[in-house]
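Asks: what follows is a predicted protein model with its sequence.
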Amino acid sequence: MKISLITLLLISLAVGCKQGNMHPTEAVNLEHRLDSLVKTDLDSVRVAGIAVAVFKGDDPILLKSYGFADLEWSVKLPVDASFEIGSVTKQFTGAAILQLMEQNKLGLEDELTKYIKFNTQRKKVTIRQLLSHTSGIKGYTELPEFENFSKLKFPKDSLLRIVEKNPFDFDPGEALIYNNTGFFMLGLIIEKISGLSYEAYVKKNLFDPAGMANSYYCSESKVIKNRAHGYDMGDKTLIRAGYLDHTWPYAAGSLCSTVEDLVAWNQALHHGKILNEVSYAEFLKVVQLNDGSSTHYAKGITVADYWGIPMISHGGGINGFLSENRYFPKEDISIVVLVNTTGPVSPHNLADHLSNWILNPSEKSNNPFSGQLSGYLGKYKGRARGSDLTVTITQNDSTLLLQMDDNAPMPLKFHNGSDWTDGTTRYMFKGVDTSFNELRIDQTYGYFILKK
């Protein structure tokens, strides 16, 4: 059924059609479904604009834009508008590091202090750990002083001097907490080894080989044709995005691109134009923690599955913009959603709808739980992104309820063994027999270890 829908969509789509004009049959209603889905948000001005690309290989299934690039002048959003893509940048940084590894200019087990000056507090931190958010170094975007710092322009190493004053969140390799500092450092390493600025390296070695003519390093001051303006959600309406100096997102989040260029990137990256076979396999190798636990994060990109379908993906968020880039390798399908608003409209959720409609995955049925719930109950505490996290586990008549900090409790579904899920996150309880004293939370972008 998946193949027949894709085939019909491709047959019915006029080649090169930018607005996704499709034949009005049941098999080709993808555009109309998406129109209906986003209409309420556009009408209520909960989002300024949305650009969407769905491709099978190089062939478009859907390529369309909605809303506005500029609200003040009511400028319609063109489908080739460029957006700030935030943390989707990280896969470009990861690929650049793997290219330098191919050239024997660095090794993934090299310590970061081999290339940049940083007080590691007598801990060994490797390039591999920077790439996978397992270094334990404090994330600079979570520091309270960064809000004011982010609006100013200083030498890049001044940010490192602030970060190194803070204690590590955990010993390197013991957990996975999403961390922009690691990718900031990787940008400095790329510049030191290559002799090029990060901006120049990415253009020469990534954008140009992939044919990404409309992608570039973002700027808070340059005038750039077809650039979408960013917006944040205020109390009741949209407001202009807060100012951010692009010295600081850097190799963690300062690239700009279009939906079509990101499809071109997927094709180049996953079909041998950017990395050789050995490097590509290393690029997608998910990191294991010190205790052998496997995660879903590789090197600037996540490798998981979508209801049993292998998926390689990453999302992003930066002042005024949200992004989602997905690639399904078995189907050779790219789904890219870019939004020029940080607010309630999630490109991740839109990509979920598109993934469901096109791939038609079969959701696994719930496994029945027949054990005792009492051993799970209690409070679990540990480090999460930017703060400590308290999770309280209670129960109702049939299942566990999980409450994070002061949020409302939510029911969990039994997965298998002593693992539970809320549909997107895995909750793994550890202990002796049915008496548990540890909770591990695998959120794909984080792997937290909490103790009772």
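Replies: Cool, got the structure.

Asks: just the helices in this structure please.
Replies: Counting by DSSP state H, the chain has these helices, from start to end: 2-12, 30-43, 89-102, 127-131, 146-149, 157-163, 180-194, 198-202, 208-210, 250-253, 259-269, 277-283, 347-359.

Asks: and the contacts of the third one?
Replies: Contact with helix 89-102 is made by 106-108, 127, 131, 183, 186-187, 189-190, 193-194, 201-202, 205-206, 249, 251-255, 265, 269, 274-276, 278-280, 282-283, 298-301, 314, 316, 325, as judged by CB atoms under 8 Å, 6 or more residues apart in numbering. C-beta: built from backbone N, CA, C; applies to glycine.

Asks: also the fourth one?
Replies: Outside of helix 127-131, the residues within contact range by CB under 8 Å, 6+ apart are 94, 97, 106-110, 112, 134-136, 172-173, 182-183, 185-186, 189, 287, 298-300.

Asks: export that helix as CSV, just CAs?
Replies: What follows is helix 127-131, C-alpha atoms only, in CSV (Å, rounded to 0.1, in the frame of the first residue of the first chain):
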residue,chain,number,x,y,z
ILE,A,127,35.5,14.6,19.8
ARG,A,128,33.1,11.6,19.7
GLN,A,129,31.5,12.8,23.0
LEU,A,130,31.2,16.4,21.6
LEU,A,131,29.4,15.0,18.6
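
Asks: ok now that helix, how far from the chain's centre?
Replies: 17 Å (CA atoms, centre = their mean, to the nearest Å).

Asks: same question, the longest one
Replies: Going by CA atoms, centre = their mean, the spacing between the C-alpha centre of helix 180-194 and its chain's C-alpha centre is 19 Å.

Asks: likewise the second one?
Replies: Relative to the centre of its chain, helix 30-43 is centred 24 Å away, using CA atoms, centre = their mean.

Asks: show me which positions of that helix end up buried.
Replies: For helix 30-43, the neighbour count (16 or more other CB atoms under 10 Å) marks 30-31, 34, 38, 41-42 as buried.

Asks: returning to that earlier point: return the most buried member of the helices of the chain.
Replies: A comparison of the helices of the chain by mean neighbour count, using mean count of other CB atoms under 10 Å, puts helix 250-253 on top with a mean of 27.

Asks: what is it packed up against?
Replies: Where contact means 3 or more CB pairs under 8 Å, 6 or more residues apart in numbering; DSSP states H and E, helix 250-253 is packed against helix 89-102, helix 180-194.

Asks: number of residues surrounding residue 171?
Replies: Applying other CB atoms under 10 Å, we find 13 residues neighbouring residue 171.

Asks: distance of it relative to residue 102?
Replies: Look at residue 171 and residue 102: by CB to CB, to the nearest Å, they are 30 Å apart.

Asks: please apply the same query to residue 131.
Replies: 15 Å.

Asks: follow-up on the earlier one: by mean pLDDT, show me the worst of the helices of the chain.
Replies: Of all those, the minimum mean pLDDT falls on helix 2-12 (a mean of 36).

Asks: confidence score at the spatially closest residue to residue 220 that is not a sequence neighbour?
Replies: Excluding the flanking residues, the one nearest residue 220 by CB to CB, 6 or more residues apart in numbering is residue 246, at 5.5 Å. Note for residue 246: predicted pLDDT of 96.
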